[in-house]
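Asker: Got a predicted model here, sequence first, then my questions.
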Amino acid sequence: MRMFKKATGFALAVVVATSGCDILDVENPNNLVQDDLNNAAAASAVVNGGLATLTRGIGYTHAPSATVSDEIRWIGSRDAWNQLNFGFVSSAANEFTDAAFPFINEGRWMTDEAVRLLNEVYLAENPGDATLETELGRANLHAGLAYLWVAENFDDFVLSNRTIEAPPVGEGNMSQMVDEAIRYLGEAISLSTKHGDEVTQLRAYAARARAHHYRAVWGMLNPSGSVPSNPLVSSSAADSDASWVLQRIGTAGLWRWDLEYTNASVANDFGFQVNERGELAIGLAYYSGSDWVLMDPIDDVADPRVVEQGERFLASGQYTSTTLASGAEMHLILAESALASNDTDGFALHVNHARALTTGLSDYTGQIPALDMLIHERRAALFLQNRRLNDHYRFGIPSPAWQGTSHASTNNGALQPITCIEVRANTQVSNAECG
């Protein structure tokens, strides 16, 4: 259980005998107590704070998942990164997954808390207030993102409330985290639609399309253990939301939702580990260290999606952004759904719309098997967006670095566990690896 401390003000007095003055008897305007958060004037700050905390947690947990995939490789001196690179993702004692766990747990808690405060405090005192309801829409968007991110990256989790511990959700129940994400995102859509918040509305529809798609992927990979015989998923709910997004942005529109990291907010630990500390590097299947080498199967050139996203990542240091959703991904959700229904024309239509978002890429007209094309398009268009590990699993494509005894090799679908920092603080969680 992550131990959250309630912020409390305090006075530090040092009496200077020679002057009779207490020169340190001042109030710090940055000290906050819980009661300060019960004021509706804090609504925007609470919602933004939840997003900032979640943003930090995403950066910390993205790095381990990417390292297990073939997108990132270990080049540094810390062996725990190497163990992740080898596919040992389920170790509760790995120092980097262990260090990341509190941050994503705090992010989940803070986004939940923002929704609670808006519902139970601010709007209870100001029912129907349009500004507060708009903020509640944003808070629901962030909470939905938190639950979806947890479900995509963890085999189990806890929903503790500061010092009040909670039992594990349970590996077999992690689909409930996706369901909760979908519920939150539905609330975000309703409120943003009601108040004309088009930015939140678009993001919530795109995130919900992703959540519905991943809900089907989760069902395919769980219980974990073997590669599914049919890796394709189709979700009418995902298709509906993806189609709504494409209608809003235009079928050929170039749109993406980037989670921003800045020196005025929080840094991205993923970018830090690659670009500044040098523990990690782009995988050799994508980048040789001097050249981009993942080739487009139609045009036989370094895939420009990988080049663009990779160069942007490498140039941004510890403040590199993370793409959460895009028009290209909406097309790929619809393309996969079409392929699952043997609609090869619909598949090609959406693949080619996605490809057309990048100047110069030729249309797919059946040059390679459709499944191979889908795998490549997801690999290129969603590069460094935290989709690759679960695609490794469902398409039965291991990373070349995985060792035969690793969790990723022997337990197809294995993700990050509840780690030792939680096990040792939460009496309802146990893991022999934590002593």
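Answerer: Received the coordinates, thanks.
Asker: Can you measure across stretch 255-266, start residue to end residue?
Answerer: 24 Å (CA to CA, to the nearest Å).
Asker: And the contacts of that stretch?
Answerer: For stretch 255-266, the surrounding residues in contact (CB atoms under 8 Å, 6 or more residues apart in numbering) are 52, 55-56, 58-59, 202-203, 206-207, 245, 249, 267-268, 271, 318-328. The C-beta positions use only the backbone N, C-alpha and C, and glycine is treated the same way.
Asker: So which of these are in strands?
Answerer: The members of the contacts of stretch 255-266 that map onto strands under DSSP state E are Thr322, Thr323, Leu324, Ala325, Ser326.
Asker: wait, what's in contact with the fourth one?
Answerer: In other words, Ala325. Arg203, Ala206, Ala207, Ala209, Arg210, Val245, Arg256, Trp257.
Asker: phi, psi of the last one?
Answerer: The main-chain torsion angles of Trp257 are listed as degrees, to the nearest 10 and equal phi -110, psi 110.
Asker: Just give me the neighbour total for it.
Answerer: By other CB atoms under 10 Å, 18 other residues sit near Trp257.
Asker: Next step: the contacts of stretch 255-266 restricted to helices.
Answerer: Counting by DSSP state H, the part of those found in helices is 52, 55-56, 58-59, 202-203, 206-207, 245, 249, 271, 327-328.
Asker: Widest-spaced pair of the residues you listed?
Answerer: Arg56 and Ile249 (28.6 Å; CB to CB).
Asker: ok, Leu246 touching Ala328?
Answerer: No - the criterion here is CB atoms under 8 Å, and Leu246 misses it with Ala328 at 10.4 Å.
Asker: So these two - more neighbours on which side?
Answerer: For Leu246 versus Ala328, the count of surrounding residues by other CB under 10 Å is larger for Ala328: 26 against 22.
Asker: show me where the stretch 251-400 of the chain has helices.
Answerer: Assigned by DSSP state H, counting those that start in this stretch, the stretch 251-400 of the chain shows helices spanning 269-271, 304-315, 327-340, 344-356, 370-381, 388-395.
Asker: now what about the first one, what contacts it?
Answerer: Contacts to helix 269-271, defined as CB under 8 Å, 6+ apart, come from residues 56, 59-60, 62-63, 66, 100, 261, 313, 316-320, 322.
Asker: Go again with 7 Å.
Answerer: Residues from elsewhere that reach helix 269-271, judged by CB atoms under 7 Å, 6 or more residues apart in numbering: Gly59, Tyr60, His62, Ala63, Ala66, Phe313, Ser316, Gly317, Gln318, Tyr319, Thr320.
Asker: Quick check: which element contains the spatially most central residue of the chain?
Answerer: With distances taken as CA atoms, centre = their mean, Trp149 lies nearest the centre of the chain, 3.9 Å away. Using DSSP states H and E, Trp149 falls within helix 130-153.
Asker: Could you pull out the buried residues of that helix?
Answerer: Neighbour-count burial for helix 130-153 flags 132-153 (criterion: 16 or more other CB atoms under 10 Å).
Asker: go on, stretch 269-276?
Answerer: Within stretch 269-276, the residues scored as buried using 16+ other CB under 10 Å are Asp269, Phe270, Gly271, Phe272, Gln273, Val274, Asn275.
Asker: about what we covered before: not counting residues beside it along the chain, what's closest to the residue nearest to the centre of the chain?
Answerer: Among residues not flanking Trp149 along the chain, Ile58 sits closest, at 5.8 Å (CB to CB, 6 or more residues apart in numbering).
Asker: returning to that earlier point: who has more neighbours, Arg56 and Ile249?
Answerer: Using other CB under 10 Å, the more surrounded residue of Arg56 and Ile249 is Arg56, with 22 against 17.
Asker: Poorly predicted segments of the stretch 301-435 of the chain, please.
Answerer: Low-confidence segments of the stretch 301-435 of the chain (pLDDT under 70): none present.
Asker: Same check on the stretch 151-300 of the chain?
Answerer: Using pLDDT under 70, the stretch 151-300 of the chain drops low at 251-253.
Asker: And the strands in it?
Answerer: 256-259, 280-282 (DSSP state E, counting those that start in this stretch).
Asker: residues contacting Gln318?
Answerer: Applying CB under 7 Å, 6+ apart, the residues near Gln318 are Ala267, Asn268, Gly271, Phe272, Asn275, Glu276.
Asker: What sits closest to the fourth one if chain neighbours are left out?
Answerer: To tie it back to what came earlier, the one meant is Phe272. Spatial nearest neighbour of Phe272, excluding adjacent residues (CB to CB, 6+ apart): Gln318 at 3.9 Å.
Asker: Strands along the stretch 1-150 of the chain, start to end?
Answerer: Assigned by DSSP E, counting those that start in this stretch, the strands in the stretch 1-150 of the chain fall at 15-16, 21-22, 72-74.
Asker: State the distance from the nearest residue to His62 once chain neighbours are set aside to Ser226.
Answerer: Of all residues not flanking His62 in the chain, Phe270 sits nearest, at 4.6 Å (CB to CB, 6+ apart). From Phe270 across to Ser226, the span is 30 Å (CB to CB, to the nearest Å).
Asker: contacts for stretch 341-361?
Answerer: Contact partners of stretch 341-361, identified using CB under 7 Å, 6+ apart, comprise 234, 251-252, 254, 296, 299, 304-305, 327-328, 331-332, 334-335, 338-339, 363-365, 370, 373, 377, 381.
Asker: buried sites along it?
Answerer: 347-358, 361.
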